[in-house]
Each structure stands twice: as structure tokens, then as C-alpha cells.
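1. Here is a sequence together with a model predicted from it:
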Amino acid sequence: MSLAPFALVVLAAFIHATWNLLSKRAAAAGATFVFAYNLVACIAYAPWVAWLLARGALTWSLSIVVCILLSGMIHLAYSLCLQRGYQVADLSVVYPVARGAGPMLSFLGAILILGERPSLQGVLGLLAVVVGIGLISTQGDLTAFRQRGGQAGVGWGVTTGSFIASYTVVDAYAVKVLGLQPVVLDWCNNVLRFVLLAPLVLRNPGRMRERMRGRWGLAIGVGVLSPLSYILVLAALGMGAPLSVVAPAREMSMMVGALFGMAILREPVGVGRIAGCLVLIAGVMLLGAA
């Protein structure tokens, strides 16, 4: 992967970790917060999308419409599946399995669907990233996978990871093959999720106001940064970077998030997390040179 797209992926990882830190502070608001920051994203990026459309940057076709609808539905299914996994199993099981399975399945999708042929160095980089994710998330303690609910967590994690891989491959196809502008694709996805969530959230406006009290600043931050992080990843794909490299490399956000958690949230610093960060860095370096 050349320097420019690699730099975009690294920047996207830092932005991704930042918006997740903001989102964590509003976790109690649940789906209402998701709806709120989707609303912000739709408004914030509308001028950019309108400008591109006015310049004729998008030529509508059946393939593009299908990709947009399919991507939006898969993104929503991913969000709901992840939330359900957290309801029935521990985050320490569901999250690492989902984030590890996602790039691995995306890697396979890039080979089988997009016809990419990754190098041995790319394969080793992918494996290092997956191992690093596991060490960071579990702090080197794998007993959570053997405890009650561990198998359910693995099942929901793999299912969530399959949705991550699915929307990643669909979006890569839309950008790399169909030439769809990343910001247009992401904005359409946000609009679709907003429309689907609106009936659930707006049927009780009072509860929405209560849950969002004091959290609109966080919603604005997430609404601006969340799309930006993914737009940068899609832009890297549009510049010719292979999906089999970009998908695992963007998981560098796990390391950045762990560092933020240690420095800002005062989360415990264990040997497992430090080792995971080092392994993940090695994996990303291998991918960057692949």
C-alpha cells in the first residue's frame, strides 16, 4: 500500500477511536443517541454531497442504487446484532471476536469477490492484527471465552463480524468498481439508518429529550467524526489500496482506543494490552509495506 492511502487509514483509525470515546460517554442513551448522531451526520455532510451531485459526480444506475440500499441495510443489521450480542454476552467476548472476524472475512471477500491476491507479508500482517486485537480486548485473559455465555458471545461476535465484512466488501465494490464517491455512499447510508430509526425513537419525544439531555455535544462530535473516519477508509480504497490490506489495517483504531482508555479513562494497563498494542503495530507495519 502506497504512503497516501496508508496515511488516510492511520488518520481514520485515530478519528475512529476518538468518536468511540465520545460515544462511550453517551452509552446510557442507547438507540436514541445513535439516532441523534445520525441526524447530525445527515445535516453536516449534506452540503458536501449536494456540491458533488451538482457537479455531476454521481451517475445513477441500478447497480449503484442496489449497493447503497444493501450497504445501508447491512450497516443497520451490524448495529442491531452488536447490541444484541452485548445483551446476552460480555463485551470482552463479543467485541474482540467481532473486530477480529471482520477483517479476516473481509480479507477472504477481497480474494473471492474482488479478485485480489495478497502477499505472504499481507497474510502475516492480518494474523498479527487479529492476535493484537484479541490481546488488547481480553488483556491476555482468555477465560471469558470459557465462562457462561462465552459460546453465545463467540456466536454473536462472529455474526457481527460477518456483517462488518459484508458491508466492507459491498462498500469497496461501490467505490473501487462503480466509482461511487465515498461521502455520497456514507451519507446515503446515514439517511437510510435515520429513516429506519425515526419511527422507533420519535414515537416518544419526551423520552428522547430526557435521554439526550446534556449529550447533544457528544452527538455532534460523533455525527461529524464517525462518517469522516469511514470516508477516509473508503477514499483509501478509491485510491487503489487493496481491501485485503485496508480492512485489517483500519483495526489500528483498537490500539488507539486502548491508549485513549489508559490515558483518559484511567483504565488498567496490563501486560496483555501492552503486548497487544505491540503486536498490532507490527501487523499494521507489515500491511503498510505489503
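-> Yep, that arrived. Everything numeric here is computed off the predicted structure, so don't read it as measured data.

2. now the helices: where do they sit in the stretch 51-200 of the chain?
-> Under the criterion DSSP state H, counting those that start in this stretch, the stretch 51-200 of the chain contains helices at 62-88, 91-112, 120-138, 150-176, 182-202.

3. Who are the packing partners of the last one?
-> Packing contacts for helix 182-202, counted by 3 or more CB pairs under 8 Å, 6 or more residues apart in numbering; DSSP states H and E, involve helix 31-54, helix 62-88, helix 150-176, helix 216-238. All C-beta atoms are positioned from the backbone trio N, CA, C, and that covers glycine.

4. Any chance you could list what contacts whichever helix or strand comes after the last one?
-> This means helix 216-238. Next helix or strand after helix 216-238 toward the C-terminus (DSSP states H and E): helix 243-249. The contact list for helix 243-249, computed with CB atoms under 8 Å, 6 or more residues apart in numbering, reads 1, 5-6, 9-10, 13, 102-104, 106-107, 109-111, 114, 116, 118, 122, 125-126, 129-130, 165, 168-169, 172, 176, 233, 236-237, 283-284, 287-288, 290.

5. so how far is V158 from the closest residue to W156 other than its chain neighbours?
-> Distances taken as CB to CB, 6 or more residues apart in numbering place G85 nearest to W156, at 3.2 Å, with adjacent residues excluded. According to CB to CB, to the nearest Å, G85 and V158 sit 10 Å apart.

6. Please identify every residue contacting each of those two.
-> Joint contacts of G85 and V158 (CB under 8 Å, 6+ apart) are A98.

7. Between the two, which is the more surrounded one?
-> G85 (25 against 17; other CB atoms under 10 Å).

8. quick one: that one from V169, how far?
-> Taken as CB to CB, the span from G85 to V169 is 21 Å.

9. Of the helices and strands packed on helix 182-202, which is nearest S23?
-> Between S23 and the helices and strands packed on helix 182-202, the shortest gap by CB to CB is with helix 216-238, which sits at 5.3 Å.

10. chain center to that closest one: distance?
-> In terms of CA atoms, centre = their mean, to the nearest Å, the centre of helix 216-238 is set 10 Å apart from its chain centre.

11. Might you report the residue contacts of F194?
-> F194 neighbours (CB under 8 Å, 6+ apart): 35, 38-39, 42.

12. out of those residues, who has the most neighbours?
-> Result: N38 is most packed of these (other CB under 10 Å), 26 neighbours.

13. how about the nearest residue to that residue, chain neighbours excluded?
-> F194 (4.5 Å).

14. Do you know the pLDDT at the one you found?
-> If you check F194, the pLDDT there is 88.

15. tell me how far the ends of stretch 243-257 are from each other?
-> End-to-end distance for stretch 243-257, by CA to CA, to the nearest Å: 22 Å.

16. Mean confidence (pLDDT) on it, please.
-> On average, stretch 243-257 scores 79.

17. With stretch 67-76 instead?
-> Here stretch 67-76 scores 89 as its mean pLDDT.

18. now do stretch 102-109
-> For stretch 102-109, the per-residue pLDDT averages 83.

19. Mind listing what's buried along the helix-or-strand element of the chain with minimal mean pLDDT?
-> Sorting the helices and strands of the chain by mean pLDDT, DSSP states H and E puts helix 252-263 at the bottom, at a mean of 73. In terms of neighbour count (16 or more other CB atoms under 10 Å), helix 252-263 has its buried residues at 252-262.

20. Mind listing what's buried along the helix or strand following it?
-> Tracing the chain C-terminally past helix 252-263 and defining elements by DSSP H and E, one meets helix 271-289 next. Neighbour counts over helix 271-289 (16+ other CB under 10 Å) mark 272-277, 279-280, 282-284, 286-288 as buried.

21. Since that was my last question, I'll sign off now.
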